[in-house]
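In: Only the shape, not the letters, is given here:
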């Protein structure tokens, strides 16, 4: 929705086709919340809209779970190119993980097999169907994702581009000291406390367990600390079917009691995309901690949002971590799943004002270089002209 608004503000005629549950967040574009569940029946609504509007560009933002793991969406580029050969089809790969066969019904699998009988079956697989093959261009959010899919789809590198995600939510200007103190008082945080923030969806793989254990270590060292968890869970089917942990949030909250840190953790929960509250909270914290289990990557939009605030960030490094993340320059990185390392990094960064200022400045510089909306929109337009 944010990208639609940004393009619309720049004079692009934008229509967003989405599910019936969606609500417009801006009045700059046309919203069509008419898709029931992205099933085979919904392809008829797609076909009708395409024929009526004849768009210059169709941009499909894709990861499997947001389409209910239904294979229909993976054949939409083929339909578009047959109906409107001149229309440019772009696919944004939001993250790796296409349609999961084990979450498809038998009926969906049978219809999918029938569909493949009527099209060229070269470079088609279950996860992505003909989505990658028949798209005119593909946008990735990180080099890792591009590399992984390029091993499966030949020629992909020639029509793809890496564009890290800019922050979706509003970024407020810096708060003055009195405003910061007011926010901290609302959170029940003392001036002397280390106020840590976690921002983003809460689900397995984000390293929240490691962060909670680190809070325990800090308490054992007699450090006054508060953790603000800004964000909730994604759609329940992600926790239930994909992660098989439907009670994950409740389990995390229960673990704070077992660790004797319940009074140190504030669960803020989900905020709508146009909310200014997450930005306000980040402006009032000392350090943002993002301890991803697999290491930070460019596609982690939570990092982009935090970096835009110039807040010092502690995160993790992994085999796929992009070279732009430089330890002790624009970020502090530690090994994933090492809570003692994390607690030590928090203490060092909080106690070293000069290091805080260096990391803050480096994070903001990186954000402006890699995560700005102006750069993203300009480069996306260039991709559409490929």
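Out: It's in. These numbers come from a predicted model, not from an experiment.
In: quick one: residue 298 and residue 166 touch, right?
Out: No: using CB atoms under 8 Å, residue 298 is not in contact with residue 166; the gap is 11.4 Å. Bear in mind the C-beta positions are built from the backbone N, C-alpha and C, glycine included.
In: And the strands in the stretch 201-350 of the chain?
Out: Assigned by DSSP state E, counting those that start in this stretch, the strands in the stretch 201-350 of the chain fall at 225-230, 265-269, 287-290, 313-316, 332-334.
In: Now the weakest link among the ones you listed, please, by mean pLDDT.
Out: The minimum mean pLDDT among the strands of the stretch 201-350 of the chain belongs to strand 265-269 (a mean of 93).
In: can you pull the buried residues of that strand?
Out: For strand 265-269, the neighbour count (16 or more other CB atoms under 10 Å) marks 265-266, 268 as buried.
In: ok, of those residues, which one's closest to residue 76?
Out: Of all these, residue 76 sits closest to residue 268, with 36.3 Å by CB to CB.
In: do you know how far the closest residue to that closest one other than its chain neighbours is from residue 307?
Out: Nearest residue to residue 268, sequence neighbours excluded (CB to CB, 6 or more residues apart in numbering): residue 230, at 4.8 Å. Remark: distance between residue 230 and residue 307 (CB to CB, to the nearest Å) = 15 Å.
In: next one: residue 14
Out: 27 Å.
In: out of the two, which sits in the busier spot?
Out: residue 307 (25 against 21; other CB atoms under 10 Å).
In: With adjacent residues omitted, what lies nearest to that one?
Out: With CB to CB, 6+ apart, the residue lying closest to residue 307 is residue 367, at 3.8 Å.
In: Near the one you found, how many other residues are there?
Out: For residue 367, using other CB under 10 Å, the count is 23.
In: ok so it is a strand residue?
Out: No: according to DSSP: H, G, I helix; E, B strand; the rest coil, residue 367 belongs to no strand; its state is helix.
In: what's the pLDDT at it?
Out: Per-residue confidence at residue 367 stands at 94 (pLDDT).
In: ok, now residue 241?
Out: Reported pLDDT for residue 241: 63.
In: got it, and the one 5 residues further on?
Out: pLDDT for residue 246: 74.
In: Pick out the residue closest to the middle of the protein.
Out: Computing the C-alpha centroid of the chain and ranking residues by CA atoms, centre = their mean puts residue 301 first, at 4.4 Å.
In: Ignoring the adjacent residues along the chain, who's closest to that residue?
Out: residue 165 (4.3 Å).
In: check contacts around that neighbour.
Out: 141, 299, 301, 304, 371, 376 (CB atoms under 8 Å, 6 or more residues apart in numbering).
In: what two of those residues are the furthest from one another?
Out: Maximum distance among these (CB to CB): 12.9 Å, for 299 and 376.
In: what touches both of those two?
Out: 164-165.
In: Pick out whichever of those two has more residues nearby.
Out: When residue 299 and residue 376 are compared for neighbours, residue 299 comes out ahead with 23 against 18, by other CB under 10 Å.
In: Tell me who's in contact with the nearest residue to that one once chain neighbours are set aside.
Out: Nearest non-adjacent residue to residue 299, counting by CB to CB, 6+ apart: residue 141, 3.4 Å away. Residues in contact with residue 141, defined by CB under 8 Å, 6+ apart, are 92-95, 162-165, 298-299, 301.
In: Residue 141 and residue 371: what is the separation?
Out: Counting by CB to CB, the gap between residue 141 and residue 371 amounts to 11 Å.
In: and for those two, which residues touch both?
Out: 164-165.
In: re the thing from before, how far away is the residue nearest to residue 299 from residue 166?
Out: Separation of residue 141 from residue 166 (CB to CB) stands at 10 Å.
In: Could you pull out the buried residues of stretch 253-264?
Out: 255-256, 259, 261, 264.
In: what about it, average pLDDT?
Out: Mean predicted lDDT for stretch 253-264 stands at 95.
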